[in-house]
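Student: structural data only, the sequence is not supplied:
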């Protein structure tokens, strides 16, 4: 786009793209970072999200620097971790994983941690951590079976997507809703604005 600096979203997540579009920002490119997202042994949820967001940003930055059209762009990366206590739940890919997550979340509080990492055009890194507390209702066997049959859990941290059917499981949420979806908008835009990105540029055309 002419008239504003370029921005690269270091993600292939449709949810993160939808969220940043919701804020009136259209990334100039998507640069998903293919990294190993398995937590280290004994790694705490906040530390894991922080490390993975930074690694995604660094990986995307390498690709951006090789692309003449994108060189000097802002890079936004994020990683979301769902945890019960110190236990990090997987991004469920298998039915058994999703079922285990749902049974663990049933009737309990859990926390969703998202780390947002911004790389500025001069190569500086800025990072913010956002935490949201979520409580699920007690899930019946029928709830779990029906949700698993929907397939909505696939590839989702904690085995659920709050913006979909699982929104009906949420009894209470304290903190940022967009954080649970995958990109906390307030904090992301605050980072961008604080580093000189014109966050209202696209608002004129919405």
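Tutor: Now that the structure is in, tell me what you want to look at. Here the structure is a predicted model, which is why all the values come from computation and not from measurement.

Student: just give the nearest non-adjacent residue to the residue most central in space within the chain, would you?
Tutor: To find the centre residue of the chain, average its C-alpha atoms and take the closest one (C-alpha atoms, centre = their mean): that gives residue 182, at 2.9 Å. Among residues not flanking residue 182 along the chain, residue 15 sits closest, at 4.5 Å (C-beta to C-beta, 6 or more residues apart in numbering). (Each C-beta comes from the backbone N, C-alpha and C, glycine too.)

Student: got the buried residues for the helix or strand hosting the one you found?
Tutor: According to DSSP states H and E, residue 15 maps onto helix 14-22. Residues of helix 14-22 classed as buried under the neighbour-count rule (16 or more other C-beta atoms under 10 Å) are 15-17, 19-20.

Student: can you check stretch 77-96 too?
Tutor: So for stretch 77-96, counting by 16+ other C-beta under 10 Å, buried means 77-84, 88-92.

Student: check contacts around the residue nearest to the centre of the chain.
Tutor: Residue 182 sits next to 13, 15-16, 19, 78, 80, 114 when contact means C-beta atoms under 8 Å, 6 or more residues apart in numbering.

Student: okay, and the beta partners of residue 74?
Tutor: The partner list for residue 74 in beta bridges (DSSP bridges) reads residue 7.

Student: tally of neighbours for it?
Tutor: 23 (other C-beta atoms under 10 Å).

Student: tell me which residues touch it, please.
Tutor: Applying C-beta under 8 Å, 6+ apart, the residues contacting residue 74 are 5-8, 118-121, 192, 195, 197.

Student: which other helices and strands does the helix of greatest length in the chain contact?
Tutor: Using DSSP state H, we find that the single longest helix of the chain is helix 45-65. Contacts defined by 3 or more C-beta pairs under 8 Å, 6 or more residues apart in numbering; DSSP states H and E place helix 45-65 against strand 74-84, strand 109-119, strand 125-136.

Student: switch the ones you listed over to TSV; also include distance to residue 25.
Tutor: TSV is the format used below for the helices and strands packed on helix 45-65 (distance: least, C-beta to C-beta, whole Å):
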stretch	distance to residue 25
strand 74-84	9
strand 109-119	13
strand 125-136	16
